[in-house]
Each structure stands twice: as C-alpha cells, then as structure tokens.
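> Coordinates for the following, if possible.
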Amino acid sequence: MADHLLFATERYGLPILQPLADALHARGERVHALLAGAAAGLALRGPVQPVDARGAAALRPRAVFSASNEVPTFVTGAKVQLFHGFNVEKRADGRGHFRVRGLFDLYCTQGPATTAPFQELSRRLGHFAVVQTGWPKLDPLFRDDGGAAAALRAPAAGRPVVMFASTFTERLSAAPHLLQAIAAQVAHGGRYWLLTLHPKCPPDLFDRYRALAGPNAAFVEPEQLVTAQRAADVLLADTTSVVSEFVVQHKPVVTFRNRAPKPHMLDFDDPAQLPRMLESAFAPSAALGAAIAAYADAIHPWRDGRSSERVIEAAGTLLAGGLGTLARKPLAARWRALQIRRALGYWGI
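Numbers count the residues shown, from 1 in each chain. Reported below is the predicted structural model:
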C-alpha cells in the first residue's frame with residue numbers, strides 16, 4: 001500500500017480527480033488531496049484524506065496526479081498531468097493545451113489528437129514521457145452511475161432534453177447572448193433544459209440562469225456536469241471544452257460563435273436561429289453523425305470507463321523505469337516552482 005496525492009486549484013478539477021480516487025481506493029491504495037486556490041475548502045468523496053502543503057510534502061507520495069496546469073514540485077513522487085479539459089483551441093498552442101512548463105514527468109493524454117503533439121514535444125525536449133490513457137473525468141460517462149442520470153432526466157417526463165453549458169471567457173461566452181433565446185425555449189416547454197455555467201462566470205449571470213429553473217428546466221452545479229451530459233440528448237454551448245466531452249458520447253452539439261467550428265458542430269451566430277439549430281440537432285444528418293464519430297475517436301477513443309486505471313498503470317510503468325530515462329527539467333521550471341511554493345505558502349526544505 002502506497003500514498004498518492006491528488007492536486008487541484010479549481011472547482012472543476014474535482015470531477016477529474018474523483019474517478020481516479022475511486023480507482024486508487026479499489027486497489028487498496030491510500031489517497032490524499034491537496035486542494036488549493038478556488039478548490040480550497042472543497043472535498044472529494046470517500047476516504048480521501050485532505051492535506052495542506054506541509055502535509056503533502058511530509059507524505060512522500062508515490063505519485064502526484066494534477067488536474068491543474070501546475071503541480072507542487074516540492075512534493076516527492078512522479079508528477080502526472082491529467083489535464084483540466086480538451087484542446088478546444090481557445091488560444092494558440094504555445095499558450096494553450098500544448099504549453100509545456102517543465103513541471104511534469106508524465107502526460108496522460110486523452111486521445112490521438114493530443115497524444116501525437118505531446119509525443120513530438122517529448123522527443124524534442126526529453127524531460128517527460130507520454131502515455132495515451134484517456135481522461136479520468138469521462139469514466140462515469142461509460143459506467144453504471146446508480147441511476148443518477150435517469151434521476152436528473154426524470155422531470156422531463158419523456159420530453160427531449162437539452163443541456164446548456166458555457167465558458168467563462170468573456171469574448172467566447174454564449175451565456176450573455178443566448179439568455180433571452182434560452183428563456184423563450186424554456187418557457188415554451190417542448191423540451192426540458194439542464195443549465196450550467198463555468199464556475200468562473202459572473203455571479204449575476206449565475207443568478208439569471210438559476211432563475212430559469214422550474215418545471216421545464218433545472219440548474220446543474222459543476223459537480224453534476226458529467227451526470228448532466230449522460231442525461232441530455234443535445235448540447236448547446238460555445239467554445240467550452242464541454243463540447244468535446246459531450247461529443248465523445250456520439251451526441252449532437254450546437255455551438256454559438258465557436259472560435260474554431262468543426263464539421264461535428266452545428267455552429268450559428270444569431271440568437272434568433274436557436275430554434276432552427278435545435279431542430280437540426282434533434283434530427284442529425286448522416287454526414288453530421290459521421291463527423292461526430294470521427295471527432296470522438298480522435299479525441300477520446302476509450303469508451304470502457306477505465307481511463308483512471310490506465311493512468312495508474314502508466315504512472316507505475318514510469319516509476320518502474322519502463323518509459324525510459326528522462327532528461328533534467330529546464331532551468332525556467334525553477335522559477336515556476338518558486339511561484340507555486342509562494343501560492344501554496346510552503347517554504348520548507
């Protein structure tokens with residue numbers, strides 16, 4: 001039995017770490033969580049022991065699994081990057097999904113679209129390994145959820161279910177622009193709505209969307225995001241990574257002013273078009289279905305609900321030397337490591 005540390009700095013990191021915590025427990029391992037930043041004060045389910053920075057350092061864990069762009073380098077053990085979302089092209093690669101900060105030993109990639117670029121970076125830089133494992137967050141999409149999705153869908157009473165999700169990035173967010181159009185759809189009542197927003201969206205926007213809850217809609221908190229994706233038939237969104245998560249189920253998505261629209265999306269730019277776009281999503285063409293399947297296979301081909309187990313096995317292979325010898329981390333990473341210490345309030349040796 002060994003100690004393992006889970007790390008997150010945002011609320012949305014918890015649904016990524018929870019399936020991994022469950023998989024570690026199933027193997028009889030000890031699991032601890034260092035939840036900092038916006039995740040501070042939250043907790044994972046089950047016998048997960050919370051620790052602060054000093055406690056994490058004292059643990060000397062076998063591995064640190066991070067659902068953040070960073071990781072506490074002052075903690076021993078393999079540093080494993082899990083990612084906090086798919087690459088949805090919000091930013092240039094140098095600042096976005098493929099930015100390498102020199103902090104991690106292992107990148108557990110979600111699918112071929114991410115694996116190939118990181119493998120190329122690994123060959124060039126040499127200080128980290130790459131294993132395609134799938135994403136722990138999506139494990140519950142493909143496992144028995146004890147009826148949670150059915151319960152969330154039950155108030156629909158047989159009606160089709162639409163889920164709405166939006167990014168917090170102001171220039172990309174659909175939430176302010178589609179509020180009235182969505183409110184009209186909710187009032188009509190022909191479909192049932194599951195509404196959610198990114199935790200970083202403005203509080204007043206949360207209030208306005210929560211106010212739509214009633215017999216035709218429910219507001220879903222971030223911890224219920226995966227359950228809502230299982231429950232819904234169609235997703236309405238923008239450039240949020242929820243689009244990719246939803247498509248993995250081979251379900252249609254409607255996007256509002258997506259930054260990089262693709263063939264698997266039904267993209268539009270005028271709120272008045274929403275009713276027509278939803279009609280198209282609920283009657284998808286064969287071409288759209290094929291595009292959805294192709295994209296899903298590229299970003300996350302695993303549909304067995306066992307990505308967490310593959311992450312654990314990949315970390316074990318790394319620690320056993322099965323992924324080769326890693327080069328030394330770049331000098332620039334030392335400055336980032338100091339910034340992480342400062343953010344976590346840890347200056348021990």
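> At which residues are the helices of the stretch 51-200 of the chain located?
Ranges of helices within the stretch 51-200 of the chain are 53-59, 112-125, 148-153, 175-188, based on DSSP state H, counting those that start in this stretch.
> Torsion angles phi and psi at V254?
phi -110, psi 130 (degrees, to the nearest 10).
> so it touches D233, yeah?
No: between V254 and D233 no contact is recorded; they are 11.5 Å apart, counting by CB atoms under 8 Å. For every residue, glycine as well, the C-beta is placed using N, CA and C.
> ok, the two, which is more surrounded?
A side-by-side neighbour count of V254 and D233, using other CB atoms under 10 Å, places V254 first with 25 against 17.
> Report the contact partners of that one.
234-237, 265-268, 274, 277-278, 280-281 (CB atoms under 8 Å, 6 or more residues apart in numbering).
> and those, which of them are in helices?
Helix and strand membership here follows DSSP state H; of the contacts of V254, those in helices are 274, 277-278, 280-281.
> I'd like those residues laid out as TSV, including neighbour count, pLDDT and distance to H300.
Shown next, in TSV, are the ones in helices among the contacts of V254 (neighbours: other CB atoms under 10 Å; pLDDT from 0 to 100; distance: CB to CB, whole Å):
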residue	neighbour count	pLDDT	distance to H300
L274	19	98	28
M277	19	98	25
L278	20	98	25
S280	16	97	24
A281	21	98	21
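> Contact partners for the spatially closest residue to A53 that is not a sequence neighbour?
Spatially, and ignoring its direct neighbours in sequence, A53 is nearest to Y346 (3.7 Å; CB to CB, 6 or more residues apart in numbering). Neighbour list for Y346: 53-54, 57, 72, 74 [criterion: CB under 8 Å, 6+ apart].
> Could you report the separation of Y346 from L103?
Here the criterion is CB to CB, to the nearest Å. By it, Y346 lies 15 Å from L103.
> List the contacts of the residue nearest the centre of the chain.
The structure's the chain has its C-alpha centroid closest to G85; by CA atoms, centre = their mean the separation is 3.9 Å. Contacts of G85 were listed using CB under 8 Å, 6+ apart, and they are 241, 244.
> What is the neighbour count of A293?
Using other CB under 10 Å, the number of residues around A293 comes to 13.
> ok but it is inside a strand, no?
No: using DSSP: H, G, I helix; E, B strand; the rest coil, the secondary structure at A293 is helix, not a strand.
> Over to the closest residue to it other than its chain neighbours: give its phi and psi.
Setting aside the residues directly before and after it, A293 is nearest to H250 in space (CB to CB, 6+ apart), at 5.8 Å. In this entry, H250 is assigned phi and psi values of phi 70, psi 40 (degrees, to the nearest 10).
> any idea how far P50 is from L225?
The span separating P50 from L225 equals 22 Å under the rule CB to CB.
> just so I know, which of the helices of the stretch 51-200 of the chain lies nearest A165?
Judged by CB to CB, the one of the helices of the stretch 51-200 of the chain that comes nearest to A165 is helix 175-188, at 9.1 Å.
> Just the buried residues of that closest one, please?
For helix 175-188, the neighbour count (16 or more other CB atoms under 10 Å) marks 175, 177-179, 181-183, 185-186 as buried.
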